[in-house]
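Engineer: Please find the sequence and the predicted model below.
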Amino acid sequence: MSTGRWKRVSRLGSVVALAAIVGTASADTAKARRAISDPDAVPKVTGNSAPNALASGLIESPVAQGSQPLENGTDAIPFYGYHGDGPMVPAPGDVQAPGHNVEASKSEPDKNTYLVLHDQNGPDPDYDYGSHFLFQGHELGAGYITRVNLDGDDAHRVTLFATEDSLGNPLPAFDGSTWDPWASRLLFTAENGAAGGVWQSTLDFPPVVEDISGVLGRGGYEGIQNDSDGNLWIAEDVSGAKGVVNNHARQPNSFLFRFLPKNKWDLTKGGKLQALQVCRLNVTPCDPIVFHAGDPDADILSQNQKDLHTYGNQFRTNWITVHDTDHDGTAPFDANALAKAKLATPFKRPENAQFRPGRQFREFFFDATGDTDAATQAGSQYGGFGAIFKLTQANPSSDTGVLALFFRGDLDHTAFDNVAFWDRNRVVLVEDRGDGLHTAHGVYDSGWLFDVRTDYSDPDNQPIRLIAVGRDTSATLDSALSAGAPANGFQNEGDNEITGIHVSDGDPGVHGILGAREPHLFHGGWRAFYTQQHGDNVTWELLPTGSGPGWLQGNGD
């Protein structure tokens with residue numbers, strides 16, 4: 001939708017946006033005005049910082065920030081979001097140059113995993129760490145895991161949970177995380193191409209952390225979720241090559257994976273890694289949509305990409321086994337390369353995903369980030385601005401399913417990253433546009449609330465902007481410094497982004513996996529968190545103002 005059109009929608013007091021909540025364009029407009037007011041995107045202004053803006057009825061409270069000292073910090077990792085290789089703010093007159101950092105490297109806390117646990121220990125044997133915890137991997141620099149002790153005092157607020165695996169190897173930078181209740185392990189993913197993979201961690205302190213990539217493979221893994229059968233679903237984020245002709249667009253180069261463990265109580269026992277294969281539209285038998293090596297332009301504007309990003313089309317899908325430990329062993333392997341060789345279907349960076357609650361794990365929603373370039377030749381029609389897909393299966397272990405487009409991105413709704421179901425009918429997707437697209441389009445990232453019952457092919461149906469992220473002072477400074485990178489050697493990111501959106505009641509049992517139960521946010525222990533990554537690296541908890549308007553706490557009915 002164009003900027004002008006968005007302003008017209010905003011002047012209606014989000015009447016049209018509310019239609020997406022109730023799933024009909026005939027919603028009572030007076031009720032809509034009373035129900036919700038969503039903010040405009042925060043404009044990017046050179047040299048200016050700006051506060052975050054939230055939809056009516058919401059406030060945010062920090063639970064940790066980058067400058068928070070770790071209770072057991074080291075010289076190398078002394079703070080929640082800062083390494084120990086420089087000051088938090090450049091000294092007056094200091095100049096960034098290759099080999100000389102004017103400020104400390106920032107670790108970028110990423111995906112949040114919330115758990116309610118008892119008898120947790122930590123570095124202080126005499127301290128009661130409480131029972132509410134938030135775990136994160138960190139995305140940049142030295143890899144480590146933190147545990148935010150939500151019941152803890154300032155001195156014990158954040159624990160440096162782990163920096164190395166059980167063999168003494170340093171941990172990689174982590175992007176995704178989840179809790180596997182059968183294996184009783186935290187799972188962390190490294191979005192590092194052929195050097196990425198999955199690591200598992202115990203909950204006790206200090207934990208035992210193991211690299212299990214010999215079982216699940218190496219890839220640009222990011223989003224990871226369980227289903228009710230104990231399978232693991234993994235979204236891979238690997239950027240493709242730019243086209244020669246379409247030089248502002250990239251070739252689809254990432255895959256959706258599913259791991260079927262032999263023993264769901266012990267992932268190290270092996271299993272099958274599968275990749276999703278999508279059949280070309282209306283072709284029988286299945287003629288899969290595949291990757292064309294050495295010819296990015298053949299895929300960027302292909303009919304298959306246009307079909308995938310067209311509302312109403314339905315595609316048959318198959319799960320193709322790319323690695324089986326019974327036959328292929330447990331040496332680490334390149335999952336992306338095997339998926340291409342086995343004729344699985346590539347997407348434009350499907351970073352995260354979740355199952356729709358209350359559907360017995362039969363409906364799986366995942367995003368594709370797209371090109372994060374305002375000038376992409378792929379545009380909306382060919383997925384240049386990203387998309388949200390819905391995969392439907394008879395059961396979570398089924399070998400076949402049906403894929404359909406749920407939402408096609410445009411310049412105003414693009415670069416989808418983290419995903420969380422707000423309730424049984426509404427899902428939040430947050431953006432990661434990056435500085436270049438912020439500048440080109442003139443706004444920062446947003447977090448959008450979609451209703452899964454709404455037909456978004458109708459341009460009058462639009463998602464609601466739940467979060468309009470601004471830019472803190474630290475990120476404003478970093479944006480100026482990063483404008484000279486890489487020539488000046490500046491190592492930190494610029495503008496803030498939204499990541500780690502997470503809604504959970506913290507139940508560590510099998511009934512607590514995301515998608516098993518319908519969320520009732522702000523009731524019965526259900527909580528929501530997100531991280532304003534880069535800059536000050538603040539992790540926030542979203543809270544209602546007072547009792548909050550009904551739209552916040554219902555199920556979109």
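Structural biologist: Thanks, I have the structure now. Numbers count the residues shown, from 1 in each chain.
Engineer: What ranges does the stretch 1-150 of the chain have for its strands?
Structural biologist: 53-54, 58-64, 109-116, 132-138, 145-149 (DSSP state E, counting those that start in this stretch).
Engineer: For Asp229, which of these is the nearest?
Structural biologist: Closest to Asp229 of these, according to C-beta to C-beta: strand 109-116, at 20.4 Å. No exception for glycine: its C-beta is placed from N, CA and C like everyone else's.
Engineer: what residue ranges in the stretch 301-450 of the chain score low on pLDDT?
Structural biologist: Nowhere does the stretch 301-450 of the chain drop to pLDDT under 70.
Engineer: go on, the chain?
Structural biologist: For the chain (pLDDT under 70), the answer is 1-36, 547-557.
Engineer: For it, which segments count as helices?
Structural biologist: Listed in chain order, the helices of the chain (DSSP state H) span 3-11, 15-22, 29-35, 213-216, 296-300, 303-308, 325-328, 335-341, 434-441, 473-482, 550-553.
Engineer: Of all the strands of the stretch 1-150 of the chain, which one is nearest Thr473?
Structural biologist: For Thr473, the closest of these is strand 58-64, at 14.9 Å, according to C-beta to C-beta.
Engineer: For that closest one, name the packing helices and strands.
Structural biologist: Packed against strand 58-64 by the contact rule (3 or more C-beta pairs under 8 Å, 6 or more residues apart in numbering; DSSP states H and E) you find strand 145-149, strand 538-544.
Engineer: Direction included, what does it pair up with?
Structural biologist: Paired neighbours of strand 58-64 in the sheet (DSSP bridges): strand 538-544 (antiparallel).
Engineer: Can you list the neighbours in contact with the partner strand?
Structural biologist: 54, 57-66, 109, 112, 134, 136, 148, 472, 500, 522, 527-532, 552-553 (C-beta atoms under 8 Å, 6 or more residues apart in numbering).
Engineer: Flag every buried residue along that strand.
Structural biologist: For strand 538-544, a neighbour-count test (16 or more other C-beta atoms under 10 Å) marks 538-543 as buried.
Engineer: Mind putting the residues you listed into a markdown table with distance to Trp319?
Structural biologist: Output for those, formatted as a markdown table (distance: C-beta to C-beta, whole Å):
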| residue | distance to Trp319 |
| --- | --- |
| Val538 | 39 |
| Thr539 | 35 |
| Trp540 | 37 |
| Glu541 | 37 |
| Leu542 | 35 |
| Leu543 | 40 |
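Engineer: Count the neighbours of Gly294 for me.
Structural biologist: Gly294 sits with 7 neighbouring residues when counted by other C-beta atoms under 10 Å.
Engineer: List the contacts of it.
Structural biologist: Per C-beta under 8 Å, 6+ apart, neighbours of Gly294: none.
Engineer: try Phe355
Structural biologist: Contacts of Phe355 (C-beta under 8 Å, 6+ apart): 225, 227, 361, 363-365, 396, 514-515.
Engineer: Tell me where the longest strand sits in the protein.
Structural biologist: strand 314-324 (DSSP state E).
Engineer: Each with direction, which strands does it pair with?
Structural biologist: Counting by DSSP bridges, strand 314-324 is paired with strand 271-278 (antiparallel), strand 400-408 (antiparallel).
Engineer: Need the residues that contact that strand.
Structural biologist: For strand 314-324, using C-beta under 8 Å, 6+ apart, the contacting residues are 217, 258, 271-281, 286, 288, 307-308, 333, 335, 338-339, 341-344, 391, 398-404.
Engineer: In PyMOL, select just the buried ones from those residues.
Structural biologist: The following PyMOL line selects those of the contacts of strand 314-324 that are buried, judged by 16+ other C-beta under 10 Å:
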select buried, resi 217+258+271+272+273+274+275+276+277+278+279+280+281+286+288+307+308+333+335+338+339+342+343+344+391+401+403
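Engineer: Ile212: what's it in contact with?
Structural biologist: 197-200, 267-268.
Engineer: of these, closest to Gly84?
Structural biologist: Out of these, the member with the shortest distance to Gly84 (by C-beta to C-beta) is Trp199, at 23.2 Å.
Engineer: Now do stretch 491-499: distance from first to last residue.
Structural biologist: 20 Å (C-alpha to C-alpha, to the nearest Å).
Engineer: Which positions within stretch 377-384 qualify as buried?
Structural biologist: Going by neighbour count (16+ other C-beta under 10 Å), the buried part of stretch 377-384 is 377-380, 382-384.
Engineer: Kindly export that stretch (C-alpha atoms) in CSV.
Structural biologist: Output in CSV follows, covering the C-alpha atoms of stretch 377-384 (Å, rounded to 0.1, in the frame of the first residue of the first chain):
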residue,chain,number,x,y,z
GLN,A,377,12.9,-5.6,-9.3
ALA,A,378,10.9,-8.5,-7.8
GLY,A,379,8.5,-6.1,-6.2
SER,A,380,5.5,-7.5,-4.4
GLN,A,381,4.4,-9.8,-7.2
TYR,A,382,7.6,-11.9,-7.0
GLY,A,383,8.2,-11.8,-3.3
GLY,A,384,10.7,-8.9,-3.2
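Engineer: No further questions, thank you.
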